[in-house]
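In: how would this look folded up:
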Amino acid sequence: MNSKSKNNFMIISLVLAVFVILGAFIVVRKYAPSKERMKLNDYFNVSGNEMAVIVDGAFDKPQEGAHQAGRLENGSVYLNLSFFKTKVDDGYVYDNVEKVLRYTTDKNVVSVNAGEKKYTVDKTSKSFDKEILKDIDGEAYISADWAKNYSDFQYTTQKNPNRVIIENAGWKKKVAAIRKNTYARRFGGLKSKILADVKKNDSVVIIDDYGKWSKVVTSDGVIGCVENSKLKDITDKKTKATLEKREFKHKKAFKKHSIILAWAQVTNQAANSNAMKKLDDLSMVNVISPTWFYIADAKGNVGNRSSREFVNYAHSKGKKVWGLISNFEDASIDTASALNRVSARDNLVDQTIAAAIASGVDGINVDFEQISENEKDGYLEFIKELSLKCKKNDLVLSVDNYVPTAASAHYNRAVQANYADYVVAMAYDEHYAGSKEAGSVSSYPFVRDGIKATLKEVPKEQLVLALPFYTRIWCTEDGTVTSEAVGMNNQYEKFGVKGGDTKWLSKECQNYGEYKSGNKLYQCWFEDSKSLGKKMELVNKENLAGVAFWKLGLESDDAWVTVLNYFAEK
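Out: I've put the predicted structure just below:
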């Protein structure tokens, strides 16, 4: 090979070597793990004395412009109350006008004024070593250390950036140890940025398994991804409780018998005498609930139509009396203020108890309807505080509810069942005045499904099924639907089954009739002893606490015979 050929060969070899080296560099760069790091402060976005809050392995990054859920104030952790209610314990009720925080346990009502170190448990004053509730930038923040006295959770803190790691009692988690030194990365994949170093034998909580990678929470609250090959000793654990379990005790109306309740609508004082006369023919009814009490104004004053004579007469007939209190006597009254303002709610509770004691009733039946989302905290707190005073005064407390729907989930029947003695499911108004289509007021499937849904929140021994003594006659004309409520006692007369007899609907378990008059279609799903009997079978089948009926005076002659047949042995 001559010198020229040798030079060409060397040049070609050199070029090939460069390409090989370049190719190797590209391959290494493409497949080698990234060493690039992401600053934790960029991830958590914490500034000043803010604290990022991780709860049960989850971190909800605040929306742009919003503050973090935690604050470090003079070395103490404070948590945004709204956030805390959502993530830890919804039992706190804050009146942002009167600046008072309430929390009710199974035994006591705890009260805190914003900005103070003192608080009260019932009427006993207690002290804490720091402000319990702070108003920061117009929002309420609660001391984590004080809240641990009532809410069962554990927390630790970390710096750079400031963060607090919370675990709720009972949190079920999958815990693993790290097999050898590795990294927690922002996302699954070797090219993802590194969030933190994770050392051999460090403990992590697995949040999600992506196949080759898992999303984990490190012991110092960093949420990142680790290769599954780096995990070992995976076990299921549960965060331990630190507080004693609360015991909610309930008063039984009867030791051996089912509740058979009838509501008596009393619209004025004089109506009590008429209601008394009906008691003579109600041998099988053991509870009468007259509509005596009502929210009279936004300050929580209680209107009262009670009659001691009525109570005495009912007792002489062997019946208990549960005075009903409602929130719909006057639609113009601001129920939200009566429930959400602490002073008004205190007044409402105190006057309700005072009216019950003065009238001599055996219990209180709460019938608050159309409670909105912004009233739910005050409403539930009313039930809680009322329940404790009912127990002290030997009164049975029952609460009326719609059958569960998404729209009424905020009524929180499970919380009601903790505090009240009975929860009543009003299994009617399936179709109601204002419905866009005609239909049954209380069909069998509606009642059956309502019981099933309610039992997910309420123990069967506390559930009372309420059924209607009425139905509706529907008229459809040119696509417009109207209706008239009619009692069982005169439904057939009012309807007049023209153009054909009624027919039994096996699905609805009701007799049905319809006829046309001109361009009007009349329809009725009748409520009679047969339909009532089918629904009362569900009470016995599910072994519920009892049954209730709205309302006295609308029933047919054979309705009580049917009731007696179904409850004679109970």
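
In: How about the contacts made by the most centrally placed residue in the chain?
Out: When C-alpha atoms, centre = their mean is applied to the chain, the residue found nearest the centroid is residue 412 (3.1 Å). Contact partners of residue 412, counting by C-beta atoms under 8 Å, 6 or more residues apart in numbering, are 376, 380, 457. Bear in mind the C-beta positions are built from the backbone N, C-alpha and C, glycine included.

In: Assign a three-state SS to the first one, would you?
Out: Okay, so that is residue 376. Under DSSP: H, G, I helix; E, B strand; the rest coil, residue 376 falls in the helix class.

In: same check, this time on the last one
Out: For residue 457, the reduced secondary structure class is coil; criterion used: three-state DSSP.

In: For it, give me its contacts.
Out: Under the criterion of C-beta under 8 Å, 6+ apart, the neighbours of residue 457 are 404, 412-414, 417.

In: just the helices in the protein please.
Out: Assigned helices in the chain, in chain order: 3-31, 40-44, 81-87, 144-147, 271-278, 308-316, 335-340, 342-359, 376-392, 413-419, 444-454, 491-495, 529-541, 559-567 (criterion: DSSP state H).

In: Indicate which one of the ones you listed is closest to residue 183.
Out: The closest of these to residue 183 is helix 40-44. By C-beta to C-beta, the value is 13.0 Å.

In: Can you tell me what sits against the closest one?
Out: Helix 40-44 is contacted from outside by 52, 59, 61, 68, 160-161, 163, 186, 195-196, 222, using C-beta under 8 Å, 6+ apart.

In: and which of those is nearest residue 564?
Out: The closest of these, once distances to residue 564 are taken by C-beta to C-beta, is residue 59, at 60.3 Å.

In: Number of residues surrounding the residue nearest to the closest one when sequence neighbours are not counted?
Out: Once flanking residues are discounted, residue 59 sits nearest to residue 223: 5.7 Å by C-beta to C-beta, 6 or more residues apart in numbering. Residues lying near residue 223 (other C-beta atoms under 10 Å) number 20.

In: Point out where this protein drops to low pLDDT.
Out: The model of the chain has pLDDT under 70 over residues 1-31, 498-500, 569-570.

In: rerun that using 90 as the cut-off
Out: 1-32, 61, 63-66, 137, 256, 281, 496-501, 557, 564-570 (pLDDT under 90).

In: Let me see the domain layout of it.
Out: By the record's domain assignment, the chain is partitioned as 40-158, 170-238, 259-468+528-567 (automatic domain parsing).

In: just these: most buried one?
Out: Most buried of those by mean neighbour count (mean count of other C-beta atoms under 10 Å) is domain 259-468+528-567; its value is a mean of 19.

In: Give me the distance from that one to the chain's centre.
Out: The chain centroid and the centroid of domain 259-468+528-567 are separated by 19 Å under C-alpha atoms, centre = their mean, to the nearest Å.

In: how long is that domain end to end?
Out: The first and final residues of domain 259-468+528-567 sit 9 Å from each other (C-alpha to C-alpha, to the nearest Å).

In: Excluding sequence neighbours, find me the nearest residue to residue 163.
Out: Nearest non-adjacent residue to residue 163, counting by C-beta to C-beta, 6+ apart: residue 52, 4.1 Å away.

In: and the one you found, how far is that from residue 151?
Out: 20 Å (C-beta to C-beta, to the nearest Å).

In: same check, this time on residue 257
Out: Distance, residue 257 to residue 151, by C-beta to C-beta: 39 Å.

In: for residue 254, same thing?
Out: From residue 254 to residue 151 the distance is 36 Å (C-beta to C-beta).

In: next one: residue 394
Out: Per C-beta to C-beta, residue 394 is found 31 Å from residue 151.

In: Now do the same contact list for the closest residue to residue 535 other than its chain neighbours.
Out: Leaving out its chain neighbours, the residue that sits closest to residue 535 by C-beta to C-beta, 6+ apart is residue 447, at 4.9 Å. Applying C-beta under 8 Å, 6+ apart, we find residue 447 in contact with 403, 427, 465, 467, 535, 538.

In: Next up, the contacts around residue 57.
Out: The contact partners of residue 57, by C-beta under 8 Å, 6+ apart, come to 173, 205, 207, 217, 223.

In: and residue 428, how far is that from residue 441?
Out: In this structure, residue 428 and residue 441 are 5 Å apart, going by C-beta to C-beta.

In: shared neighbours of those two, which are they?
Out: Contact with both residue 428 and residue 441 is made by residues 468, 470, according to C-beta under 8 Å, 6+ apart.

In: Is it possible to get a markdown table of the domains of the chain that adds distance to residue 501?
Out: Written out in a markdown table, the entries for the domains of the chain read as follows (distance: least, C-beta to C-beta, whole Å):
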| stretch | distance to residue 501 |
| --- | --- |
| domain 40-158 | 53 |
| domain 170-238 | 58 |
| domain 259-468+528-567 | 14 |
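
In: looking at those domains, which is closest to residue 244?
Out: Per C-beta to C-beta, nearest to residue 244 of the domains of the chain: domain 40-158, 9.4 Å.

In: count of residues packed around residue 475?
Out: 16.

In: isn't it right next to residue 522, touching?
Out: Yes. Judged on C-beta atoms under 8 Å, residue 475 makes contact with residue 522 at a distance of 5.6 Å.

In: Which residues does stretch 554-568 contact?
Out: By C-beta under 8 Å, 6+ apart, stretch 554-568 touches 258, 260, 281-282, 284-285, 469-470, 487-489, 528-529, 532-533, 536-537, 539-540, 547, 549.

In: please redo it, this time with the cut-off set to 6 Å
Out: Identification of contacts with stretch 554-568 by C-beta atoms under 6 Å, 6 or more residues apart in numbering yields 258, 260, 284, 469-470, 487-489, 529, 532-533, 536.

In: What of stretch 316-328?
Out: Residues outside stretch 316-328 that contact it (C-beta under 6 Å, 6+ apart) are 279, 286-289, 291-295, 311, 314, 335, 352, 356, 361-369.

In: in the sheet, who's paired with residue 400?
Out: Here residue 400 sits in beta bridges with residue 424, going by DSSP bridges.

In: Quick check: it vs residue 413, distance?
Out: Distance from residue 400 to residue 413, counting by C-beta to C-beta: 11 Å.

In: cool, and residue 568?
Out: Taking C-beta to C-beta, one finds residue 568 at 30 Å from residue 413.

In: same deal with residue 398?
Out: Relative to residue 413, residue 398 is positioned 12 Å away (C-beta to C-beta).

In: go on, residue 80?
Out: In this view, residue 80 and residue 413 are 27 Å apart by C-beta to C-beta.

In: Just put the contacts of stretch 554-568 in a markdown table and tack on distance to residue 101.
Out: Formatted as a markdown table, these follow (distance: C-beta to C-beta, whole Å):
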| residue | distance to residue 101 |
| --- | --- |
| 258 | 41 |
| 260 | 42 |
| 284 | 47 |
| 469 | 44 |
| 470 | 44 |
| 487 | 47 |
| 488 | 49 |
| 489 | 51 |
| 529 | 52 |
| 532 | 47 |
| 533 | 50 |
| 536 | 45 |
